[in-house]
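J.: Fold the following.
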Amino acid sequence: MSKSSRSLVRFFITLPEPFPVPDGYVYHGAPVVPGPYEVDKMAHLFVHLRFLQSRNVSRRHGSFASAAESIGRYTQMDNSDAELSVPALQGDYTTVVATTLGDDAGRGNGNWTSAQDVPIEQDALNRCIYAIREMVRTYRATFEVTCVLPSYELLDISIPYQVAPSAVVTEDGNGFSLDRSEWGSVGLLTLDHTNIPDAVQGSEVGADDKHRLDYFNELMNRGNPLFVWRERFVEARRALNVEGQYGAAVTLSNTASEVLLDSLLASLMWESGKESAAVADVFAEGRLAKRVKSQFSELLGGVWVLDGTGPVAEWFHKCYRVRHRVVHSGYSPSRLEAQVALDSVHQLSRHCWDRLAVKRKKFPRTALMLLAEEGLRRRGKWCSFMKHFSSEIAPREDSWLRQSQKWREDVQTLLMSSE
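T.: From the prediction side, this is the model:
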């Protein structure tokens, strides 16, 4: 038995899905680090994992119980005092007892905006999550199992933990054990995420929201790119903030930006009276960067360069190029990179809408479709010209949504026929 002067911490991490290893299975405390391992500097990066299997009330039980309660509200029962009950459904759970050296140096070695961003060299919990995730990655690639990758955001909001002032190492049948260390009382670590499955996401729909819902329902039914862009953007936010899938967040962010840029450009060209056949080649696949540089400045003015500073350049370098690495090189971005990519798309969208508001008199139909009175007012661009156009001209014209959508479909048909 040997003793170390460094403190220990162990977390009791219940995985989002059960992991099929034997109860008590041990991962032998090898160092974990995403880059080259330097034995003299990184020996403290070991993680000892023990997987414990259990059966308990299933996560589905609450769902079934809620359905039973709803059935009771619609079903006339013979005995008015009787209640429709659901037996306690059982489910499998895997809890990992993850042990590593404590963060004696503290987290103060960097200015981190989120707990997930602290490098595993400096954060015990992130180090343990990384080790578990790498095990699951290996398992699912080996056996081609579609299990979920554990991530910080997918863990329960509170993680039990214990601290020992020093490490007591003993040998056991699995190599070595740290269980004989003098573990203190159990505490709860609250994680820095908002993924709480039983909590309502978003605000409750009210009577004043009906017109807005009807409008977006029409966009959805028509397959309008404005709806698709917003949908991809929401999916990117969910991948980042709820699922902790950073690569997916980057690719979805970039998809959202491409839909936004192409749908805006198509609407501007439609309103300019350009024939779809004359400009179809502009929308050819793989030429997004080229059309951003060559088309938007002439139509909307402003800065649309891909290098230097500004929202377009930020998007190009922080999202577009990172997505290229993810898709074509298998790159795994960090949470911070995914957040920056998502933020760059948000800033790009603001740039697009701000420029459109400036050019509202040149493209009043597109401005009213995409910004509406509310968006123009928010930018201080709701003027007498737009009031007149909205009330006197717009009602006499055929649906702009249908016309612009038909123009875009013609472009897609021409592109497909030329392949």
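
J.: most residues in a single strand of the protein, which one?
T.: The longest strand of the chain (DSSP state E) is strand 90-101.

J.: right, and the helix or strand after that one?
T.: Later in the chain than strand 90-101, the nearest helix or strand by DSSP states H and E is helix 124-143.

J.: Go through that next one and flag the buried ones.
T.: Within helix 124-143, the residues that count as buried by 16 or more other CB atoms under 10 Å are 124, 125, 126, 127, 128, 129, 130, 131, 132, 133, 135, 136. For the C-beta atoms, the positions are set from N, CA and C on the backbone; glycine is no exception.

J.: Any chance of those residues in CSV with distance to residue 16 and pLDDT as columns?
T.: Converted to CSV, the buried residues of helix 124-143 look like this (distance: CB to CB, whole Å; pLDDT from 0 to 100):
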residue, distance to residue 16, pLDDT
124, 20, 92
125, 16, 94
126, 17, 93
127, 19, 92
128, 15, 94
129, 12, 94
130, 16, 91
131, 16, 92
132, 11, 94
133, 11, 92
135, 14, 91
136, 10, 93
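
J.: Give me the below-cutoff pLDDT ranges for the stretch 151-300 of the chain.
T.: Residues of the stretch 151-300 of the chain that meet the criterion pLDDT under 70 lie in 174-175.

J.: those strands in it, which residues are they?
T.: 158-164, 167-172, 175-177, 187-190 (DSSP state E, counting those that start in this stretch).

J.: Quick check: which of those strands has the most neighbours on average?
T.: Among these, strand 158-164 has the highest mean neighbour count (mean count of other CB atoms under 10 Å), at a mean of 17.

J.: Give me the helices and strands touching that one, please.
T.: With contacts defined as 3 or more CB pairs under 8 Å, 6 or more residues apart in numbering; DSSP states H and E, strand 158-164 has these neighbours: strand 8-14, strand 187-190.

J.: The strands of the stretch 151-300 of the chain: which one's closest to residue 198?
T.: Across these, residue 198 has its closest neighbour in strand 158-164 (13.6 Å, CB to CB).

J.: can you list the residues that contact that closest one?
T.: 7-13, 102, 125, 178, 181-191 (CB atoms under 8 Å, 6 or more residues apart in numbering).

J.: let's see 6 Å
T.: Contact with strand 158-164 is made by 8-12, 181-184, 186-190, as judged by CB atoms under 6 Å, 6 or more residues apart in numbering.

J.: Neighbouring strands - and their directions - for it?
T.: According to DSSP bridges, strand 158-164 has the following sheet partners: strand 8-14 (antiparallel), strand 187-190 (antiparallel).

J.: can I get those in JSON lines with distance to residue 67?
T.: Listed next are these as JSON lines, based on distance: least, CB to CB, whole Å:
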{"stretch": "strand 8-14", "distance to residue 67": "25"}
{"stretch": "strand 187-190", "distance to residue 67": "31"}
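
J.: ok, now which ones touch the nearest residue to residue 342 once chain neighbours are set aside?
T.: In this structure, residue 342 finds its nearest non-sequential neighbour in residue 253, 4.8 Å apart by CB to CB, 6 or more residues apart in numbering. If you count contacts by CB under 6 Å, 6+ apart, residue 253 has them with 236, 319, 341, 342, 345.

J.: Let's see if you can find the most crowded of these.
T.: residue 341 (30 neighbours; other CB atoms under 10 Å).

J.: quick one on the thing from earlier: and residue 265, which of the strands of the stretch 151-300 of the chain is closest to it?
T.: Closest among the strands of the stretch 151-300 of the chain, using CB to CB: strand 187-190, at 45.3 Å.

J.: May I have the closest one exported as CSV, CA atoms only?
T.: Extracted C-alpha coordinates of strand 187-190, given in CSV (Å, rounded to 0.1, in the frame of the first residue of the first chain):
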residue,chain,number,x,y,z
GLY,A,187,-21.2,16.8,-1.7
LEU,A,188,-23.1,17.9,-4.8
LEU,A,189,-21.5,19.7,-7.7
THR,A,190,-24.0,21.7,-9.8
